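Novice: Sequence first, then the predicted structure:
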Amino acid sequence: MYQLNEDIIKSPIFNSFITIEENKELYLAYLNDQNLSNKDKLDEAFTSHTKQILAIAYLRKLIYYESRRFDKKRREFENKQHVILNAPIEEDITLMDTIADGNSEPHFQLALRASTIEEVITDNLLISAISRLTDRQREILYYRYVLNWNDTMIAKRYNVSQQEIQKVTKRLYRGYGRC
């Protein structure tokens with residue numbers, strides 16, 4: 001008779017393991033006939049399940065930190081690389097020529113005149129989600145995405161630390177970033 005570790009059996013990982021029908025059958029087969037063969041099959045399946053969970057957790061963290069690193073690099077680039085509107089991008093075409101059309105100007109002017117984030121957003125689902133935020137959270141989104149302020153500028157506006165703004169932003173991503 002081969003005993004299973006009671007701490008593992010009571011763990012959330014094991015509970016998620018036995019929600020899979022094939023794994024549940026292996027576990028029940030072991031409970032009915034506790035021999036080495038059944039124990040090995042159960043151990044192998046549980047090890048595989050645990051490795052999948054670890055891989056998913058690793059990938060989740062990797063994506064999170066890489067996206068933060070990418071955003072930081074993008075912001076650094078934007079702060080260093082100022083746009084020169086009259087610089088040629090192709091023969092006889094400047095950047096100013098590409099943005100000075102009739103279609104882009106109204107939206108750009110709207111963004112400049114907007115005093116809240118709700119005035120810029122057109123998606124009803126996004127408007128609904130933003131309406132559930134506090135005034136301060138909406139203002140932080142407005143400063144960051146409409147006015148393109150960085151955390152330091154927003155922190156100065158509220159007379160708080162940059163880390164406090166990062167915490168608020170992180171809470172916003174956790175609360176509304178789920179699919």
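Specialist: Thanks, I have it. Residues are numbered from 1 along each chain as shown.
Novice: Need the CA coordinates for stretch 60-74. CSV is fine.
Specialist: Extracted in CSV, the C-alpha atoms of stretch 60-74 (Å, rounded to 0.1, in the frame of the first residue of the first chain):
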residue,chain,number,x,y,z
ARG,A,60,2.2,35.2,-17.5
LYS,A,61,5.0,36.9,-15.6
LEU,A,62,7.2,37.0,-18.6
ILE,A,63,4.5,38.8,-20.7
TYR,A,64,3.8,41.2,-17.8
TYR,A,65,7.4,42.2,-17.3
GLU,A,66,8.2,42.3,-21.0
SER,A,67,5.2,44.6,-21.7
ARG,A,68,6.4,46.9,-18.9
ARG,A,69,9.9,46.9,-20.2
PHE,A,70,8.6,47.6,-23.7
ASP,A,71,6.4,50.4,-22.5
LYS,A,72,9.4,51.9,-20.6
LYS,A,73,11.6,51.7,-23.7
ARG,A,74,8.8,53.2,-25.9
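Novice: and Ile130, what element?
Specialist: helix 124-131 (DSSP states H and E).
Novice: Tell me which helix or strand comes right after that helix.
Specialist: By DSSP H and E, the next helix or strand past helix 124-131 is helix 135-141.
Novice: I would like the residues contacting the helix holding Ile130, please.
Specialist: 117-118, 121, 138, 141, 176 (Cβ atoms under 8 Å, 6 or more residues apart in numbering). The way it works is simple: take the backbone N, C-alpha and C, and place the C-beta from them, glycine included.
Novice: Need the residues that contact stretch 17-30.
Specialist: So stretch 17-30 is in contact with 4, 38-39, 41-42, 45-46, 49-50, going by Cβ under 8 Å, 6+ apart.
Novice: so where do the helices sit in this structure?
Specialist: Using DSSP state H, the helices of the chain run over 6-9, 12-18, 21-32, 36-80, 95-99, 104-113, 124-131, 135-141, 151-158, 162-176.
Novice: weakest of those by average pLDDT?
Specialist: With a mean of 52, helix 104-113 has the lowest mean pLDDT of the helices of the chain.
Novice: before we move on, the earlier item: from the contacts of stretch 17-30, which is closest to Thr169?
Specialist: Of all these, the one with the least separation from Thr169 (Cβ to Cβ) is Thr50, at 32.8 Å.
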